[in-house]
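Q: based on what follows, work out the 3D shape:
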Amino acid sequence: MLITTSEQVHYVPASGVLSAVWLLLALPAAGAVILLLSGRASAKWGPYLATALTGSSFVFAVFCFFSLRGHATGQRSQNLHLFSWIPVAGFKVDAGLLLDPLSMTFVLLITGVGFLIHVYSLGYMEHDPRKKTFFAYLNLFVTAMLLLVLGNSFLALYVGWEGVGLASYLLIAFWFYKPEAATAAKKAFIANRVGDVGLSLAIMIMFTSLGTTSYEGVFSSGVAGGTATAIGLLLLLGACGKSGQFPLQTWLPDAMEGPTPVSALIHAATMVTAGVYLIARSTPVFSASPDAQTVVTIIGAVTLVIGCLIGCAYDDIKKVLAYSTVSQIGYMFLAVGIPGAGAIAILHLLTHGFFKACMFLSAGSVMHGMSDQVDMRRFGGLRKYMPLTFGCFLTGYLAIIGIPPFAGFFSKDKIIEAAYDLGGTRGPILGTVALLGAGITAFYMTRLMVMTFFGEKRWTEDQHPHESPSVMTGPMVLLAIGSAVSGGLLVLGGALQKWLEPTLGKQVEVGTHTISPGVLTALTLIVVAGGAAGAWFAYGRKAVPITPPVAVTPFTVAARRNLYFDALNESVLMRPGQYLTRFLVFVDNRGIDGAVHALAAGVGGGSGRLRRLQTGFVRSYALSMFGGALLVVGALLAVRLGQ
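A: Got it, this is the predicted structure:
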């Protein structure tokens, strides 16, 4: 079993190269601004500028990494003050950046994989008339994601958080003339707003209870008890929205309506990992609330099962990969919620960034060679026509199902082991769920491989599959290499574990394992082999029907309807909101506006009636004066008699 020993983190002012860490954000931000404001003038050279600036940000990130490594372990939390952001009475927030091992790890992943996706997009979006705008949005996305992980407070994180939400909306809806893309973008935006409510409320509680929103202030405040639980659960809600976790997971597969580079960017290295980063960054808060930690593990376990089951039912290659992302992020949530397993969650996040980006870009290469076809029933035998794409996808496939020595083997096995080592009642349940998830992952990913690259060709005569240009295959090859070797390199000598200790705490192995690691590894490989064999016998030994079978099982129907979670979210979230809106509109129209209109009508009607008294005849005025005099005399007599 693993436990975490907490150590005080020392935040020191940034110096040397790290004092210019703001350049990490400024470079891609400059690209976005130039491309968006330069009009048609940058149509030809704009995409190359955006790619070069993102690549420059990655190069500078590498320099920052080695500079940070040169500091002593206790001096690796470098805080850079930029300016006073909100200087008001009782609430002072300084805008600043925090570069420490955790944020540095994410910076390298975001800029590195982001750069490769930019390069790939040069070929994939070559003939799109709005290519320049697409690259501007890519740079905007990278900038917002970097701000999210580099901000030195929860409030700064929130700004990047909302920026990522906006950029993702623009990218998913890039082909807005397609109704499916416009709908998917709105769905993603709304689902993220639901989660963002949780994050914003958590920040408000931090300020009211702790008087600060900075990481240093919150983590050193000794937050505990009900406050820690409330903050932890609200942070989890925000993380579920951004990372597509139960019950807000349904937007993530629909995001496939955007261009394939967007799918790789959102699903591999950036947006979906934001929730994992938030929980990992908030480790001191969750460590103070075992209840919140337990909920995190439950959410992760439920989500990984949902993603695995639905991934078995779709024939759309991008939808299958999307649900595999839902499942893999579920593994990360499961790990980050286990005390002492935060580094394992980050390990799987990094390996996932390589193999999932590799598979998404390889899927885009298949679509490029198959006239944008995504239905796997219309593929078959493509390994003969697209050997390089097949080799890259095969590497990602072996990594995601966890075959040694590929990357996923080192990370997923550790998560299963950590889950079992929780002990008690939770350990066997969570460990078994993670183990079965590995088997189902092998099933649906083998199904994808067989239907796409093996068997007889099933495409139409007007399609001519061909290999993609080198500007697309180059990034695929680099990501495939990362999918093959990154896991082993990161765990070699506990490199990643030692690197993340200043942020996530030191892990100490105590006690005995619930299941021996060697036995558990063998058991996992047997389960994985069983899942792969099942898919091969079901789809590899017989012809795949091009049309759906006449008899569709209830499970298939439910899975293709997202296990009815769309209907559930509609009933729980959308319908009540609609009814509330209609009620408020009624109150506004008939109540507030009605009262105003009634007052106006009363004044208007009364003035009209009073106006009739002004006849213009002297006799009428004399009569009214005489009547008034009589009333005065009558009143005086009444007073006199009363005395």
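
Q: how does this protein divide into domains?
A: Split into domains by automatic domain parsing, the chain comes to 7-560, 571-642.

Q: any idea which of the ones you listed is most buried?
A: The highest mean neighbour count among those, using mean count of other CB atoms under 10 Å, belongs to domain 7-560: a mean of 21. (Each C-beta comes from the backbone N, C-alpha and C, glycine too.)

Q: any idea of the mean pLDDT for the helix or strand containing Gly114?
A: Assigned by DSSP states H and E, Gly114 falls within helix 101-124. Average pLDDT, helix 101-124: 91.

Q: I'd like to know which elements that helix is packed against.
A: helix 46-69, helix 131-150, helix 260-264, helix 274-281, helix 342-369, helix 470-491, helix 495-504 (3 or more CB pairs under 8 Å, 6 or more residues apart in numbering; DSSP states H and E).

Q: check the secondary structure at Val12 for me.
A: What DSSP: H, G, I helix; E, B strand; the rest coil gives for Val12 is strand.

Q: so it touches Ser77, yeah?
A: Yes. With contacts counted by CB atoms under 8 Å, Val12 reaches Ser77, the gap being 6.7 Å.

Q: pLDDT weak spots in the stretch 51-200 of the chain?
A: Flagging of the stretch 51-200 of the chain using pLDDT under 70 yields the residue ranges 90.

Q: kindly recompute the last result at 80.
A: For the stretch 51-200 of the chain, residues meeting the criterion pLDDT under 80 lie at 74, 86-93.

Q: again with the stretch 301-450 of the chain
A: Counting by pLDDT under 80, the stretch 301-450 of the chain shows low-confidence ranges at 372, 423.

Q: can you give me the helices in it?
A: Ranges of helices within the stretch 301-450 of the chain are 317-336, 342-369, 387-401, 407-420, 426-453, based on DSSP state H, counting those that start in this stretch.

Q: output the contacting helices and strands for the last one.
A: Meaning helix 426-453. Helix 426-453 sits against helix 290-311, helix 317-336, helix 387-401, helix 407-420, helix 517-535, with contacts defined as 3+ CB pairs under 8 Å, 6+ apart.

Q: repeat for the fourth one
A: Under the contact definition 3+ CB pairs under 8 Å, 6+ apart, helix 407-420 sits against helix 317-336, helix 342-369, helix 387-401, helix 426-453, helix 470-491, helix 517-535.

Q: TSV for those helices, including distance to Thr51?
A: Below are these laid out as TSV (distance: least, CB to CB, whole Å):
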stretch	distance to Thr51
helix 317-336	23
helix 342-369	15
helix 387-401	20
helix 426-453	29
helix 470-491	10
helix 517-535	37
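
Q: figure out which of these is closest to Val194.
A: helix 317-336 (16.6 Å; CB to CB).

Q: can you tell me which helices and strands that closest one packs against?
A: If contacts are counted by 3+ CB pairs under 8 Å, 6+ apart, helix 317-336 sits against helix 225-243, helix 251-254, helix 260-264, helix 274-281, helix 290-311, helix 342-369, helix 407-420, helix 426-453.

Q: can you tell me what sits against the helix or strand following the fourth one?
A: If you walk from helix 274-281 toward the C-terminus, the next helix or strand you reach (DSSP H and E) is helix 283-287. Contacts of helix 283-287 from elsewhere in the structure, counted by CB atoms under 8 Å, 6 or more residues apart in numbering, are 4, 6, 218-219, 223, 228, 231-232, 235, 279, 292-293, 296, 337, 339, 342, 503-505.
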